[in-house]
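>>> let's see this in three dimensions:
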Amino acid sequence: MSDPTFLTIAEAAQLIKARKLSPVELAQACIAKTKRLDNVLCAYVELTEDIALAAARTAEAEIAAGGWKGPLHGIPIGLKDIYDTAGTRTTGHSRLLATRIPDQDATTVTKLRQAGSVITGKLGTFEFAIGGPSFDILTPPARNPWNPDHTTGGSSSGSGAAVAAGLVLGAMGTDTGGSIRGPSALCGLSGIKPTYGLLSRKGILPLSQSLDHAGPMCWTSEDCALMMQALAGHDPGDPASAQVPIPDYAAEIGKPVQGLRIGVIRHFHETDNPATPEVLAALEEAIKVLGGLGCEVVDVTLPPLADFAAVGVTIMASEAFAIHEKTLQASPELYGEFGRDRITMGAFFTAADYVAAGYKRRELAAKVAEVMKTVDVLMTVGSPFPAQPIDAVPKYLFFRTPSLTMPFNVTGLPALCVAMGFSSTGLPLSMQLVGKAFAEPVLFGLGDAYEKATPWKSRRPAMALAA
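Alright, predicted model coming up:
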């Protein structure tokens, strides 16, 4: 096996189960690659090598004794540095929390450990999941392995870089307005923002409790399904946690998608927030592929993208400022410029604005639900453009341009980004597939079918191949 770090979770799991791949050797390979590349990529805030290798040795012993726990057993997984980890710093990538060491794991981290995952450390984020890419925070911002001069997107920036480069086989991100899907889109991954409430947020630093979601970022849709199986479930410690049956998330993997009805939201990416010609062309090719797989593709119309953006930004900014108001007043110098200024935007919204946004949110959700009665899946682009130069990301881009990902935080529907090609400069392009509430298996099946019908998953960043 030339490079085990480029195995998918599904592939590595079968080899580990059959004892043809050692969890210790896999962890060592990921750690060695991290040491070779991370001085450029800056994916990690903290690599916990000793903890990871101890977990890998434990996994190897358990499997040798016939105690294989499932597909995540012995698999290296990284955590966005807003997930609490007992005994290891969780900083939000901020100088404000530079010495913070939690005494408990986040619920999802506990679930990953119970599944036998090998936690490799804490991955970079935009400061407090909003301020970035910033050069004035705790450690430098993560860079895109397809071209390190470009951003990964945010806010799950280190997670995007680490999975794409093979530093880990999967990672945890969070998504308040697109923070799983943005880096997944710009780094060529599959990343799922699950249905609101499906994954616990207990022990995750909040940005906006009304919009925050936790979720996995992987190389393939199948891998996302495998991680979701371990992560999903009701948690009384999260007031928004849903009490729903947990299905087999991989149930649709490998099955025909013939007959699925897909509604393309053309006005989102053609007029509301126009994508580049390369992105639009790639999406049309993806639509042809899905049609060739037997899907019925139709056009649908939702409310204007700007309406979702206005609601989402009002709620997010108001709630973020409420969380950070006291520390911003007491220690503004400990925040990076982007984080401080973006969070401070929330001070300018009134209670009336926040209440109005809540009413409008319900109206928008009802309109989307009506459209969803006519289709199985919605489709638009994941990002309207490839990754930007890391030093040219506007401070207020998210506030000025209506986000293509925010509508599904506002509605709480599950949304999966899937790689759909590359720009002329070799940067990933992505589509976004949106399902009905708690219908993640349909998205994973569709994403998997598309990935297997196209060549995009066979490419990896050149710098990672050379490492």
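
>>> ok, which stretches of the stretch 51-200 of the chain are helices?
107-114, 157-165, 181-187 (DSSP state H, counting those that start in this stretch).

>>> any chance of those in TSV, plus mean neighbour count, mean pLDDT and distance to Leu231?
Glycine gets a C-beta too; all of them are placed from N, C-alpha and C. Formatted as TSV, the helices of the stretch 51-200 of the chain follow (neighbours: other CB atoms under 10 Å; pLDDT from 0 to 100; distance: least, CB to CB, whole Å):
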stretch	mean neighbour count	mean pLDDT	distance to Leu231
helix 107-114	21	98	5
helix 157-165	34	98	14
helix 181-187	34	98	16
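
>>> which of those helices sits closest to Asp448?
In terms of CB to CB, the element of those nearest to Asp448 is helix 181-187, at 15.0 Å.

>>> just give me the neighbour total for Pro455.
8 (other CB atoms under 10 Å).

>>> let me fix that, I meant to ask about Gly426.
12.

>>> and for Pro245?
5.

>>> low-confidence regions, the chain specifically.
Across the chain, the ranges flagged by pLDDT under 70 are 1.

>>> okay, strands next: where are they in it?
Using DSSP state E, the strands assigned to the chain run over residues 44-47, 76-80, 118-123, 170-175, 190-193, 213-218, 261-264, 296-299, 377-381, 415-422, 428-435.

>>> thinking again about what came up before, distance to Phe126 added to the helices of the stretch 51-200 of the chain, as JSON lines?
As requested, the helices of the stretch 51-200 of the chain are arranged in JSON lines below (distance: least, CB to CB, whole Å):
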{"stretch": "helix 107-114", "distance to Phe126": "19"}
{"stretch": "helix 157-165", "distance to Phe126": "6"}
{"stretch": "helix 181-187", "distance to Phe126": "10"}
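
>>> just give the nearest non-adjacent residue to Met372, would you?
Of all residues not flanking Met372 in the chain, Lys436 sits nearest, at 5.5 Å (CB to CB, 6 or more residues apart in numbering).

>>> do the same with Phe128
Gly92 (4.6 Å).

>>> how much space separates that neighbour from Glu451?
33 Å (CB to CB, to the nearest Å).

>>> the more surrounded of the two?
Shown here are Gly92 and Glu451; by other CB under 10 Å, Gly92 has more neighbours (25 against 19).

>>> quote the end-to-end distance of stretch 366-384.
26 Å (CA to CA, to the nearest Å).

>>> check the offset of that stretch from the chain's centre.
Distance, stretch centre to chain centre, for stretch 366-384: 19 Å (CA atoms, centre = their mean, to the nearest Å).

>>> what's the answer for stretch 358-369, then?
Between the centre of stretch 358-369 and the centre of its chain there are 24 Å (CA atoms, centre = their mean).

>>> just stretch 104-116 next, same as before
That offset, for stretch 104-116, works out to 18 Å (CA atoms, centre = their mean).

>>> residues contacting it, please?
For stretch 104-116, contacts defined as CB atoms under 8 Å, 6 or more residues apart in numbering pick out 55, 59, 62, 69-70, 72-75, 77, 79, 83-86, 119, 172, 199-200, 202-204, 214, 230-231, 233, 235, 237-238.

>>> can you give me the neighbour number for Glu25?
Based on other CB under 10 Å, the number of other residues close to Glu25 is 14.

>>> ok so, going back, pretty sure the residue nearest to Phe128 sits against Ala129.
Yes: using CB atoms under 8 Å, Gly92 is in contact with Ala129, at 7.4 Å.

>>> which residues do those two both contact?
In contact with both Gly92 and Ala129: 82, 205, using CB under 8 Å, 6+ apart.

>>> mind putting the strands of the chain into JSON lines with mean neighbour count and distance to Thr276?
As requested, the strands of the chain are exported to JSON lines (neighbours: other CB atoms under 10 Å; distance: least, CB to CB, whole Å):
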{"stretch": "strand 44-47", "mean neighbour count": "22", "distance to Thr276": "31"}
{"stretch": "strand 76-80", "mean neighbour count": "32", "distance to Thr276": "28"}
{"stretch": "strand 118-123", "mean neighbour count": "28", "distance to Thr276": "28"}
{"stretch": "strand 170-175", "mean neighbour count": "30", "distance to Thr276": "23"}
{"stretch": "strand 190-193", "mean neighbour count": "32", "distance to Thr276": "21"}
{"stretch": "strand 213-218", "mean neighbour count": "28", "distance to Thr276": "23"}
{"stretch": "strand 261-264", "mean neighbour count": "20", "distance to Thr276": "17"}
{"stretch": "strand 296-299", "mean neighbour count": "13", "distance to Thr276": "20"}
{"stretch": "strand 377-381", "mean neighbour count": "26", "distance to Thr276": "9"}
{"stretch": "strand 415-422", "mean neighbour count": "27", "distance to Thr276": "12"}
{"stretch": "strand 428-435", "mean neighbour count": "27", "distance to Thr276": "9"}
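
>>> got TSV for the ones you listed, with distance to Thr152 too?
Output for the strands of the chain, formatted as TSV (distance: least, CB to CB, whole Å):
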stretch	distance to Thr152
strand 44-47	13
strand 76-80	12
strand 118-123	10
strand 170-175	11
strand 190-193	12
strand 213-218	11
strand 261-264	27
strand 296-299	30
strand 377-381	17
strand 415-422	13
strand 428-435	11
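
>>> most distant residue from the middle of the chain?
Here the centre of the chain is the reference, and by CA atoms, centre = their mean the most remote residue is Ala65, at 34.4 Å.

>>> for it, give its distance to Arg19.
The spacing between Ala65 and Arg19, counted by CB to CB, is 11 Å.

>>> ok, now Pro148?
Note on Pro148: its distance to Arg19, by CB to CB, is 37 Å.

>>> which one's more surrounded, those two?
Pro148 (17 against 11).

>>> can you tell me which residues contact the closest residue to the more buried one other than its chain neighbours?
Among residues not flanking Pro148 along the chain, Val40 sits closest, at 5.3 Å (CB to CB, 6+ apart). By CB under 8 Å, 6+ apart, Val40 lies in contact with 143, 148, 463.
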